[in-house]
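Engineer: Got a predicted structure here, sequence first:
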Amino acid sequence: MLVKVSLVHSTMKGIIALTNINKNDIIYSFHLNFVSEPTRTSIQFEDRHFEDDIGKYLNHHCNPNAKIDSAKRLLKAGGDRKIVLRAINTITKDEEITFDYNSTESLVSHPFYCRCHNKLIKGRDYNGTL
């Protein structure tokens with residue numbers, strides 16, 4: 001495994017790189033537990049939400065170093081897709097791995113103001129007020 005769960009702020013856990021990771025490398029393959037409704041820790045991919053033991057600790061950043069992506073695995077004829085965490089920049093050992101929640105979520109179940117820019121993270125389809 002290339003990552004571990006660790007404290008990244010005084011009381012907040014996050015995902016830390018255990019080694020240097022190159023741009024475009026697959027960092028982690030999610031173990032999918034699809035859920036019917038978004039939760040505080042679920043991740044949306046296309047039109048479905050899933051929970052994952054590592055994914056629930058991925059934190060938001062407006063300038064992330066990773067993204068949620070699809071990869072094709074070669075199984076029998078035609079293969080199959082899996083959902084992965086992919087590096088979009090070079091990541092150094094002990095660096096926190098983050099992604100932009102607004103890039104995947106149509107509606108964040110618990111909107112919040114981010115630490116990076118104090119920007120409201122609400123999902124790309126949110127049109128209400130807090």
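Structural biologist: It's in. Because the structure is a prediction, the values reported are computed rather than measured.

Engineer: Run the chain-centre distance for stretch 65-74.
Structural biologist: 11 Å (C-alpha atoms, centre = their mean, to the nearest Å).

Engineer: oh, I was asking about stretch 91-108
Structural biologist: Worked out by C-alpha atoms, centre = their mean, stretch 91-108 lies 5 Å from the chain centre.

Engineer: Return the list of helices and strands in contact with the helix or strand harbouring H49.
Structural biologist: Counting by DSSP states H and E, the element that carries H49 is strand 48-51. For strand 48-51, the packing partners by 3 or more C-beta pairs under 8 Å, 6 or more residues apart in numbering; DSSP states H and E come out as strand 33-35, strand 43-45. C-beta here means a position set from N, CA and C on the backbone, and glycine is covered the same way.

Engineer: Could you name the helices and strands sitting against the very next helix or strand once past it?
Structural biologist: Moving toward the C-terminus from strand 48-51, the next helix or strand (DSSP H and E) is strand 59-60. Applying 3+ C-beta pairs under 8 Å, 6+ apart, we find strand 59-60 packed against strand 96-99.

Engineer: Identify the residues contacting the strand it packs on?
Structural biologist: Residues outside strand 96-99 that contact it (C-beta atoms under 8 Å, 6 or more residues apart in numbering): 3, 8, 14-17, 27, 58-61, 64-68, 85, 91.

Engineer: which other residues reach the next helix or strand after it?
Structural biologist: Next helix or strand after strand 96-99 toward the C-terminus (DSSP H and E): strand 112-113. With C-beta under 8 Å, 6+ apart as the test, strand 112-113 has contacts from 119-121.

Engineer: quick one on the thing from earlier: need the winner for burial among the helices and strands packed on strand 48-51.
Structural biologist: strand 43-45 (a mean of 20; mean count of other C-beta atoms under 10 Å).

Engineer: List the contacts of that strand.
Structural biologist: Under C-beta under 8 Å, 6+ apart, the answer for strand 43-45 is 30, 38, 49-52, 55, 58, 68, 70, 83, 104-106.
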